[in-house]
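Chemist: 3D, please:
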Amino acid sequence: MIRTLLLLPPLVALMAGGCDSVDRRAQAATDVAVQMLRAVADRDGAAACALLAPETAAGLAESPGPSCAEAVLGEDLPAPGAGRGVDVYGQWAQVRLDGGTVFLAVFRGGWRVVAAGCSPRGDGRPYDCVLGGS
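Modeler: Numbering: from 1, shown residues only. This next block holds a predicted model:
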């Protein structure tokens, strides 16, 4: 019984620390999603592209078309809205904002936007996204 009582405080601290880590990761993903949409709203294509996943940015900058920084400003993305929820699944996150959903993944530089301006289509079908998501 004494051993169990001695192990309980470290176990509770470990569990609480794990929740804190998930909360921090969720906040970090939300911050990146909002920053990317804010950059588009502010007409700062370079800043928006810096927050995109490499494949998403490359898809915008298909040659001989415009650069990523120019192309992202032409997308019909929603303005950054209030957060409605976030789910983190390991290296992936889904951030629900007023105006749309943003999907992110973790890369070496942190969270990056994989798809944005996404709306559910229902019936278990994939989201319909303005940017990325293919």
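
Chemist: low-confidence ranges, this structure, go.
Modeler: 1-20, 63, 133-134 (pLDDT under 70).

Chemist: look through it and tell me its longest strand.
Modeler: strand 110-119 (DSSP state E).

Chemist: please name every helix or strand in contact with the helix or strand just after it.
Modeler: Downstream of strand 110-119, the next assigned helix or strand under DSSP states H and E is strand 128-132. For strand 128-132, the elements it packs on are helix 54-60, strand 100-107, strand 110-119, judged by 3 or more Cβ pairs under 8 Å, 6 or more residues apart in numbering; DSSP states H and E. All C-beta spots, glycine's among them, are computed from the backbone N, C-alpha and C.

Chemist: can you tell me which residue is spatially central in this structure?
Modeler: residue 104 (3.3 Å; Cα atoms, centre = their mean).

Chemist: how close does that residue get to residue 116?
Modeler: Distance of residue 104 to residue 116, computed by Cβ to Cβ, to the nearest Å: 9 Å.

Chemist: one more: residue 42?
Modeler: 15 Å.

Chemist: higher neighbour count, those two?
Modeler: Neighbour count, other Cβ atoms under 10 Å: between residue 42 and residue 116, residue 116 has more, with 29 against 12.

Chemist: one step back: show me the contacts for the residue nearest to the centre of the chain.
Modeler: If you count contacts by Cβ atoms under 8 Å, 6 or more residues apart in numbering, residue 104 has them with 29, 32-33, 53, 92-95, 111-114.
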